[in-house]
Every structure is written in C-alpha cells, then in structure tokens.
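>>> Dropping the sequence and predicted coords here.
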Amino acid sequence: MPRPAPPPLALLASITLASAMLLPACGPKPPVNDGKTTQKGFDSAVSCSAVRPQTEPDLMAWDPGSRGNLSRLRKEGVVAVRYEAKGCNVELELLPNCIGPGAQYKYSQYPEEQTKVARNSEELYAELPLGAARLSGKLKGNRALRTDYRLVGLSAIPAGKSFTPADLKGPDCARATHVISTVYLGGFTLVAGDLNEVEGGGSVFAVGGAKAGTSSKSERLDSAGDPESCEAAAKEGVENPRCSVPLRIGLISIEGRAPTVTTPTASPQLPAPTARVVTSPSRPPPSVGARVSRGPDWKWQDQDKSGAGTVVGEDGTGWVRVRWPDGSTNSYRWGYDGKYDLSIATTAPPVAAPAGIAKSSVNVVIFAADPAWGEQIVAQLKSRGYSLAHTNVGPNPDMNIKWGGAPRDYVEEIVSVVGGMGGDVGKINRMSTAFGPKDTDIFVNLPTGSRVGGAVSAPSSGALSKSSAEVVLFMNTADQTAGNEIARVLKARGWTDTTVLGSPNSDNNIKWNGASSAQVDEILAVLSGFGVDTGSIHRKHMTELPSHKIFVNLPSGAISQECGKTVSSAVFGTMRAGTKLQLGRHRAVSGDANWADTMSPFVGRRVTVRRLSDVDAAGCPGVRVDADGEKHFWRIRDAKIIPLV
C-alpha cells in the first residue's frame with residue numbers, strides 16, 4: 001500500500017512556548033544566577049528550565065490558521081495532538097491524520113468573560129504561553145498586551161473517557177501524546193499598545209466596546225468572533241458559528257504515551273545534546289500531608305521561607321507540590337533527573353505549653369510495629385518536653401492518634417514529629433476520644449506500613465475502578481457552588497459518579513472502604529487545588545462502608561458566601577495568602593455592591609491573594625490581591641478558587 005501523502009504544513013502547527021518556571025502549573029522559579037542560559041530566540045529576561053506543559057492552554061495568541069484547522073478537525077472525531085516539552089520549547093502539533101472515532105464532542109453552554117494583560121515578558125509567558133515568543137517583541141518600551149475574550153460554550157467528549165493507542169486510527173497516531181478532551185468556544189480581541197491605554201477603558205471585545213487597537217498608540221493584533229453573536233449565543237445556549245472560535249483546549253494524555261521532558265541546552269549557540277532520560281524516582285514520593293523541608297539539591301532561594309511545608313499532591317512523575325507556611329505553593333523535584341529538592345522534615349517549631357497543661361504531664365504512648373523507629377520518635381518527643389513519652393507494642397491496624405483532654409496543638413506537634421521521622425502522616429486518622437477532658441493521654445498507633453511509601457494494612461488493594469466508585473461531597477449550602485467545581489474536576493479525572501450534598505458532619509474527613517490509598521490521595525489533591533486544607537482532613541478507612549463509596553465531609557467549606565459579619569466573626573473558609581482566584585463582579589447585598597469602575601478591568605483575571613482584608617460595610621469578607629497592587633477590596637463570595645491540579 002502506498003504511503004499516504006503528508007498533510008499540509010499549515011496543519012502541523014508547532015508553537016514555541018517559554019520557560020515552565022513562568023507557567024502557572026509548573027515547577028518553582030530558580031534563582032537568578034543559577035548558571036542557566038537563555039534559549040536562543042527568547043526574551044533575554046526569561047531563563048530556561050525543565051518544562052511541563054499546561055493541561056488547559058489558552059489559544060488567543062495561537063496563529064489563526066491553527067485555530068481554523070482545529071475547528072474543522074473537531075467535527076470529524078476526537079482530535080489527537082503531539083504536545084511535548086523540549087528544554088525551553090513546548091510544541092503543540094495538530095495531527096490531522098490521526099483521529100479518535102469512538103467518541104464525539106458535545107456542545108454545552110459555558111459562560112465566562114476574562115481579561116488578560118501582560119506588562120512584561122514574564123506575564124506574557126504566564127498569561128499567553130502559546131505564541132508568547134512570537135509576541136514578546138510587542139512589549140518594548142512602556143507597552144503591554146491585552147486580550148479580552150468571552151467564552152459561551154464548550155465542546156467536550158464524555159467525562160472520564162480515556163484513550164489508549166488502539167483507540168486512535170491513522171498513520172500519524174504513533175506520534176500522538178494527547179487527545180483534546182474539551183474545546184472552549186467564543187470570541188476575542190488581542191491588542192498591543194501603551195501600558196496606560198491598554199490597562200484602561202472598557203473591553204476591547206464587546207458590543208460597542210472600546211477600540212483600543214485603533215489609536216495611534218495601539219494596534220489590533222488579532223480578533224475573531226462577533227460580539228453580538230456571542231451575546232446571542234450566551235442567551236440561547238446553542239452553538240453560534242460566529243462565536244465558536246477555539247480559545248482554550250483541555251488535554252488528556254494517551255495511556256502509555258507520556259511525553260519526555262528534557263532539559264535545555266547548556267548554551268544557546270550549540271546544538272542540543274542528547275536528551276537525558278527522565279527516570280522514575282528511586283524513593284516513593286511523600287504522601288499528601290507529609291512535612292518536608294529543603295533537601296540535598298535545593299536551589300530555589302527562599303521559597304520555603306526557611307521553614308517546613310506540607311505536601312499537597314504529586315505534579316507528574318518525579319515532582320511533588322508543596323504548600324509553605326505563608327500559603328504559597330509550588331512544585332519541586334522528587335526524583336526528576338535524579339534530583340531531590342526536598343527531604344522529609346526532621347524538625348518543626350516546638351509548640352508552647354498552654355496555661356495549666358505542661359508537656360511533662362502528657363502521657364504519650366507510641367504503639368509502633370517497628371520498635372526501633374518508635375524509640376527514635378520518643379527521643380524526638382522528649383527533646384521537646386514530652387518527658388513521659390514511651391513506646392509500647394501491639395499497634396491497632398489503623399494508623400491513628402487518639403487523645404482526650406490534651407491540647408490539640410500538642411496533637412499536631414506530635415503528628416509533625418512522626419512526619420519528620422518519615423511517618424506517612426497523610427494516613428493518620430485523628431480521633432478525639434472519650435478519655436475525658438482531664439485525661440492527658442495521647443496514643444499513637446503506627447502499624448506496619450506507617451512510613452512514607454508503605455501501605456497501611458487497613459486500606460484495600462485498590463481494586464475499585466474510578467468509574468464504579470460513588471464519591472459524595474458533603475458541603476454546606478453556601479459552599480456548594482465551589483463543590484460543583486470540585487465535582488467537575490473529579491469527573492474530568494475519571495470519578496464520573498461524583499455528587500454534592502448538604503449537611504456535612506462537623507469533622508473534616510474522608511471515609512472509604514474499597515478505594516486504594518493512592519485513589520484517596522488523588523481526591524485530596526483535587527481538594528487541595530481548590531484551597532481546602534487537606535492537612536486538617538481526617539482519613540478514615542471504614543470496613544462497614546460499601547466498598548464503592550467514598551464520603552468527603554467539608555463543614556469548613558471552600559469559599560464563604562456569608563455577609564453581615566463583623567471583623568471577629570468573618571468566615572474566610574480556606575481562603576489564605578497565596579490562594580489563586582478568578583475575580584468576579586460583586587453582587588449587591590441589600591443594595592450595596594461595594595464596586596468601583598476601576599475594578600472592571602480586573603473581572604475574570606486570575607490573581608493571587610496577598611492578604612485577608614476583614615469585612616466591608618455590608619459585612620462581606622474580602623481580600624487584597626496582587627493584580628491591582630492591593631488597591632481594591634474584593635469580596636470572596638464573588639470569586640472563584642482556581643484549582644492547582
């Protein structure tokens with residue numbers, strides 16, 4: 001059979017991206033002077049580092065021909081692409097001669113309006129990574145880029161669908177690494193111009209919107225879609241061909257086809273050396289909740305604030321994501337290229353004794369399957385003032401800590417010591433018992449498998465499949481909007497039977513029977529991405545539950561919707577410094593919207609919380625964010641937490 005003719009070059013669209021350290025879902029930013037060089041063809045302010053592409057890249061800066069080809073291909077079947085990182089470069093290539101015939105995209109309404117402004121190269125690579133290298137020359141002088149866009153719908157394959165190489169058909173399929181699971185549709189305008197002009201004014205994509213691209217100081221770089229048609233599509237809920245430009249895509253990996261991530265070349269003038277193989281870590285990654293600190297290969301300056309952090313999930317092979325004491329999060333190497341940026345924390349700040357209960361009066365008993373390890377933990381506890389600490393034999397099969405009248409701060413300090421000695425603290429069930437309020441015993445059960453990488457005997461072997469599991473999120477009514485977003489992400493990851501209900505228990509916990517520890521960790525990682533403090537969630541393996549059920553109780557919620565509060569009674573839920581948000585326009589409370597026209601350009605922007613900001617005149621809790629230099633008060637009830645996962 002003759003070999004098929006190669007597809008037109010326009011369909012093999014390869015787009016160069018920038019350093020992953022500048023992308024929202026990538027690894028930590030390295031020190032300024034760490035010996036890395038700038039890749040030839042990139043802005044000199046951008047350093048090269050190992051790149052892991054985003055799973056939902058925006059397409060506003062992509063070339064129009066590629067967007068048009070994607071519009072055509074999605075109507076023929078599931079679109080396959082090659083999406084890989086090569087040093088400073090990330091390449092997205094449509095593969096028109098490879099198609100997934102087993103599923104079709106289905107349109108549904110998805111309203112979203114957003115503005116993105118890039119004032120320098122770093123912001124450009126972070127906000128518009130696809131096409132950033134091509135547009136970086138537009139930022140010379142006091143100039144900026146701005147795109148206003150409106151999403152009205154999405155075209156997606158069924159949630160939870162996965163693909164193997166056998167599911168794809170065509171001669172290009174051997175090169176495919178991902179399929180496009182979702183295409184977000186709408187219209188947009190992209191302009192460049194004087195910083196002050198670009199940042200001011202109304203939307204450049206709107207009915208009667210500001211024409212920022214027509215002045216002497218600004219230029220319209222690209223525009224697609226009709227604002228009036230987008231307005232109609234948003235109201236009618238049906239796809240409109242004049243407002244169906246692909247503006248963002250969701251990607252899922254083809255099973256067994258994870259792309260190789262290679263390091264940048266040592267010098268931009270030399271040919272790239274043979275790529276180093278990314279090996280799996282020789283040590284199992286720490287579990288969610290484990291305490292970590294700087295390791296032997298640390299090079300990320302003071303991102304840890306010289307303290308210990310908490311693992312909130314894995315971020316691809318050889319990387320883990322950590323939340324630091326100031327609320328910031330980032331990803332660090334745990335075996336990637338043989339490097340370990342982190343170590344299990346061996347110390348944590350000692351807790352001060354509250355009035356009336358001295359540490360020396362607390363009877364701490366470590367029931368450890370490994371007596372030698374138990375004695376090491378006891379030695380650490382005694383050095384912190386727990387002079388009655390001692391070991392015993394015969395731990396329960398469930399990894400837990402039980403206490404009665406002892407202070408909760410003591411409980412958390414003991415857990416941190418266990419974590420510092422290598423304990424898999426993400427698996428510890430915290431159990432306040434009926435010892436009595438005056439009983440200061442604290443019992444710690446550490447069965448076989450309690451160390452990082454071990455499997456505690458209680459959880460099952462993990463025969464439960466995601467599609468057969470029933471995940472129920474119990475959240476207060478005010479938090480169910482955030483709960484629906486969490487459920488959406490879980491469904492996209494294969495937990496297709498996920499629901500949100502009210503009336504949670506008073507205890508933050510996750511309960512399961514048939515799921516594996518890895519599956520529980522995955523759900524917790526999703527919750528962490530929405531700002532939920534997973535370190536406070538009690539993990540409870542319960543044999544009395546049906547094997548297919550997983551219950552998550554979150555009484556503390558995610559984003560508080562409550563107003564009418566005082567400074568002392570304000571509820572911020574899981575909001576803290578470092579939380580990533582998408583800003584929204586304030587809804588009026590008793591006629592008070594607490595809104596200024598200068599806030600409008602920031603609506604839809606993805607921002608980072610700098611600090612909590614008490615309450616406004618309507619008693620609504622709010623925050624100050626980085627995007628506007630902490631100028632405005634933003635009500636948290638109208639914001640949306642952006643997941644890290």
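Arrived safely, thanks for sending.
>>> Based on its surroundings, how many neighbours for Y332?
Other residues near Y332 number 28, with proximity taken as other C-beta atoms under 10 Å. For glycine as for every other residue, the C-beta is placed from the backbone atoms N, C-alpha and C.
>>> can I assume it sits in a helix?
No - assigned with DSSP: H, G, I helix; E, B strand; the rest coil, Y332 falls outside any helix and is strand.
>>> Look at it and report its pLDDT.
Among the per-residue scores, Y332 shows a pLDDT of 83.
>>> same deal with K427?
73.
>>> Test my guess that D222 contacts R67.
No - look at D222 against R67 with C-beta atoms under 8 Å: they stay out of range, at 9.5 Å.
>>> count of neighbours near N196?
For N196, using other C-beta under 10 Å, the count is 11.
>>> ditto for A577
15.
>>> so how far is T608 from it?
As judged by C-beta to C-beta, to the nearest Å, A577 and T608 stand 8 Å apart.
>>> swap in R143?
From R143 to T608 the distance is 24 Å (C-beta to C-beta).
>>> In contact with the closest residue to C243 other than its chain neighbours, which residues?
Nearest residue to C243 in three dimensions, chain neighbours excluded: C230, at 3.9 Å (C-beta to C-beta, 6 or more residues apart in numbering). For C230, the contact set (C-beta atoms under 8 Å, 6 or more residues apart in numbering) comprises 150, 152, 186-187, 240, 242-243.
>>> at 10 Å what do you get?
Residues near C230 by C-beta atoms under 10 Å, 6 or more residues apart in numbering: 111, 113, 149-153, 185-188, 205-207, 240, 242-245.
>>> Let me know the helix or strand that it is in.
helix 227-236 (DSSP states H and E).
>>> Would you mind getting the angle between the following helix or strand past that helix and helix 227-236?
Reading on from helix 227-236 to the C-terminus, the next helix or strand found by DSSP H and E is strand 245-253. With axes from the mean of the first three to the mean of the last three C-alpha atoms, to 10 degrees as the basis, strand 245-253 and helix 227-236 are set at 60 degrees to each other.
>>> Against which helices or strands is strand 245-253 packed?
Other elements packing on strand 245-253 under the criterion 3 or more C-beta pairs under 10 Å, 6 or more residues apart in numbering; DSSP states H and E are helix 64-73, strand 78-86, strand 106-118, strand 143-156, strand 178-194, strand 218-224.
>>> among these, which is nearest L554?
strand 106-118 (24.9 Å; C-beta to C-beta).
>>> ok, and for that closest one, which residues are buried?
For strand 106-118, burial by neighbour count (16 or more other C-beta atoms under 10 Å) applies to 110, 112-118.
>>> Between the residues you listed, which sits nearest Y83?
The closest of these to Y83 turns out to be K116 (C-beta to C-beta; 21.2 Å).
>>> so where do the strands sit in the stretch 201-350 of the chain?
218-224, 245-253, 261-262, 291-294, 309-314, 319-323, 329-333, 342-344 (DSSP state E, counting those that start in this stretch).
>>> lowest-confidence stretch among the ones you listed?
Looking at those, the weakest mean confidence is strand 261-262, a mean of 40.
>>> returning to what we had before: narrow the contacts of C230 to just the buried residues.
113, 149-153, 185-188, 205-206, 240, 243-245.
>>> Where is pLDDT lowest across the residues you listed?
Lowest pLDDT among those: A206, 76.
>>> Which secondary structure element of the chain has the lowest mean pLDDT?
Least confident helix or strand of the chain, by mean pLDDT, DSSP states H and E, is strand 261-262 with a mean of 40.
>>> Quick check: F572 touching L612?
Yes - assessed by C-beta atoms under 10 Å, F572 is found in contact with L612 at 5.7 Å.
>>> any common contacting residues for those two?
Joint contacts of F572 and L612 (C-beta under 10 Å, 6+ apart) are 579, 621-623, 636.
>>> Give me the subset of those residues that lies in helices.
Taking DSSP state H, every one of the shared contacts of F572 and L612 sits outside helices.
>>> Using a markdown table, lay out these together with pLDDT and distance to A369.
What follows is the shared contacts of F572 and L612, written out as a markdown table (pLDDT from 0 to 100; distance: C-beta to C-beta, whole Å):
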| residue | pLDDT | distance to A369 |
| --- | --- | --- |
| T579 | 74 | 39 |
| P621 | 88 | 46 |
| G622 | 90 | 49 |
| V623 | 89 | 45 |
| I636 | 87 | 45 |
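>>> In strands, which of those appear?
621-623 (DSSP state E).
>>> mind listing what the residue lying closest to W403 once chain neighbours are set aside touches?
What sits nearest to W403 in space, not counting adjacent residues and going by C-beta to C-beta, 6+ apart, is I442, at 4.6 Å. Going by C-beta under 10 Å, 6+ apart, I442 touches 362-366, 381, 386, 388-389, 401-407, 410-411, 414, 435.
>>> if we go to 7 Å?
Listed by C-beta atoms under 7 Å, 6 or more residues apart in numbering, the contact set of I442 reads 362, 364, 401, 403, 406, 410-411, 414.
>>> those helices in the stretch 351-500 of the chain, which residues are they?
371-383, 408-420, 480-492 (DSSP state H, counting those that start in this stretch).
>>> I'd like to know which elements the first one is packed against.
Contact here means 3 or more C-beta pairs under 7 Å, 6 or more residues apart in numbering; DSSP states H and E; on that basis helix 371-383 packs against strand 363-368, strand 390-392, helix 408-420.
>>> Show me what the longest one is packed up against.
So the one you mean is helix 408-420. strand 291-294, helix 371-383, strand 400-403, strand 441-446.
>>> Would you list the strands that the last one pairs with, along with their directions?
Paired with strand 441-446 in the same sheet, following DSSP bridges, are strand 363-368 (parallel), strand 400-403 (antiparallel).
>>> Other residues contacting the shortest one?
Defining contact as C-beta under 7 Å, 6+ apart, one finds that strand 400-403 is touched by 411, 414-415, 428-433, 435, 442-445.
>>> can you check stretch 379-396 too?
By C-beta under 7 Å, 6+ apart, stretch 379-396 touches 350, 359-360, 362-369, 371, 374-375, 378, 414, 417, 421, 445-447.
>>> Just give the nearest non-adjacent residue to A596, would you?
A596's closest residue in space is H632 (C-beta to C-beta, 6+ apart), at 6.8 Å.
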